[in-house]
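J.: model this:
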Amino acid sequence: MRGGVEKFCKEKTIPFLGEIPIDPRLRRRCDEGNPFMLEFEDTSAGKAFMELAKRIQPVLRLADDLEEESFIKASS
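T.: Predicted structure coming up:
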C-alpha cells in the first residue's frame, strides 16, 4: 500500500515530512554499516533523504530551543 503514512498524518493532523523511495542499496549499506549518502547522494533516495533533513531541521531546532528554555527555568 502506498501513501499510508501520509494518510495517517492527515488524519492525525501531524506534518508529513516526506517519503524515501525503496532502494536495495540503502538496505545493503545499512547492513554493512556504511553511510548510504557518501556514495548515493544523487539518487532519488539520496535526494529524498536530503529533502527530509531540510524539513526536519526547523522541528529539531524548535525542540532544542524548548528544551534549553525549560532547563533555564528549572535552574532559576
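J.: make it CA atoms for all contacts and neighbour counts henceforth
T.: Fine.
J.: show me where pLDDT drops low in this structure?
T.: 1, 71, 76 (pLDDT under 70).
J.: Run through the helices of the protein in chain order.
T.: 4-12, 24-32, 36-40, 44-74 (DSSP state H).
J.: Figure out which of the ones you listed is closest to residue 18.
T.: Comparison of these against residue 18 by C-alpha to C-alpha identifies helix 44-74 as nearest, at 6.1 Å.
J.: ok, back up a step: just send the helices of the chain back as CSV, with distance to residue 18 too.
T.: CSV is the format used below for these (distance: least, C-alpha to C-alpha, whole Å):
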stretch, distance to residue 18
helix 4-12, 8
helix 24-32, 17
helix 36-40, 17
helix 44-74, 6
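J.: Turn these into CSV, columns for mean neighbour count.
T.: Output for the helices of the chain, formatted as CSV (neighbours: other C-alpha atoms under 10 Å):
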stretch, mean neighbour count
helix 4-12, 12
helix 24-32, 12
helix 36-40, 14
helix 44-74, 13
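J.: which residues sit in contact with the residue nearest the centre of the chain?
T.: By C-alpha atoms, centre = their mean, the chain has its centre lying nearest to residue 52, at 4.8 Å. Listed by C-alpha atoms under 8 Å, 6 or more residues apart in numbering, the contact set of residue 52 reads 17-19.
J.: Tell me the one of those residues nearest residue 41?
T.: Nearest to residue 41 among the contacts of residue 52, with distances taken as C-alpha to C-alpha, is residue 19, at 15.5 Å.
J.: still on that earlier bit, which ones among the contacts of residue 52 lie within strands?
T.: Using DSSP state E, no member of the contacts of residue 52 falls in strands.
J.: Go through those and say which is closest to residue 72.
T.: With C-alpha to C-alpha as the yardstick, the closest approach to residue 72 among the contacts of residue 52 comes from residue 17, at 30.2 Å.
J.: number of nearby residues for that closest one?
T.: 14 (other C-alpha atoms under 10 Å).
J.: distance of it from residue 53?
T.: Applying C-alpha to C-alpha, to the nearest Å, the value for residue 17 to residue 53 is 9 Å.
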